[in-house]
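Enquirer: Below: sequence and its predicted model.
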Amino acid sequence: MDSGSRKPNPLASTVLRWGVVVSFALLIGGIVAMLRSGVTPQHVSFEDLRLLPAGLARIEGGALIHAGILALLATPVARVAALLIEAARRREGLFAMLSLGILLLLVASLAIGLR
């Protein structure tokens, strides 16, 4: 690749990079918060995601770890969405349709899994 060429998918690369950075920061922050509070992972449970914002507001280690895991799981979905946007901008119909199909499969899997 020559130095004058542009990145093939700059938006998707940025989404992936920031998704990993945010996930890592939340996970490390959660571990540090748990170590400081003396809470062990066995005592942490977020079976109801509606409790997560309150735990994050209190900077609870378990909530930070769960948010980090959710961010890590959401990163590939966001990346596929970014690829769809890039393909639509470039008017690459086939790639846009493939990206849309994959995105729909991911969303359907999530919906089925949450039931």
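Expert: Okay, I see it.
Enquirer: Go through the least confident helix or strand in the chain by mean pLDDT and flag the buried ones.
Expert: Here the helix or strand of the chain ranked lowest by mean pLDDT, DSSP states H and E is helix 52-57, holding a mean of 89. By 16 or more other CB atoms under 10 Å, the buried positions in helix 52-57 come out as Leu52, Gly55. Every C-beta, even on glycine, is put in place using the N, C-alpha and C of the backbone.
Enquirer: cool, and stretch 9-26?
Expert: Buried-residue list, stretch 9-26, by 16+ other CB under 10 Å: Asn9, Leu11, Ala12, Val15, Leu16, Gly19, Val22, Ser23, Leu26.
Enquirer: Which residue, neighbours along the chain excluded, lies closest to the last one?
Expert: Right, Leu26. Gly68 (3.2 Å; CB to CB, 6 or more residues apart in numbering).
Enquirer: swap in the fifth one?
Expert: The shortest distance from Leu16 to any non-neighbouring residue, by CB to CB, 6+ apart, is to Arg79 (5.1 Å).
Enquirer: Tell me where the model's unsure across this protein.
Expert: 1-8, 41-46 (pLDDT under 70).
Enquirer: The helix or strand hosting Ala71: how far from the chain's middle?
Expert: Element membership for Ala71, per DSSP states H and E: helix 61-89. Averaging C-alpha positions (CA atoms, centre = their mean, to the nearest Å) puts helix 61-89 3 Å from its chain's average.
Enquirer: what comes up buried for that helix?
Expert: 61-68, 71-72, 75, 77-84, 86-87.
Enquirer: Pull the contacting residues for the closest residue to Thr14 other than its chain neighbours.
Expert: The spatial neighbour of Thr14 that comes closest, neighbours along the chain excluded (CB to CB, 6+ apart), is Ala82 at 7.7 Å. Listed by CB atoms under 8 Å, 6 or more residues apart in numbering, the contact set of Ala82 reads Asn9, Leu11, Ala12, Thr14, Val15.
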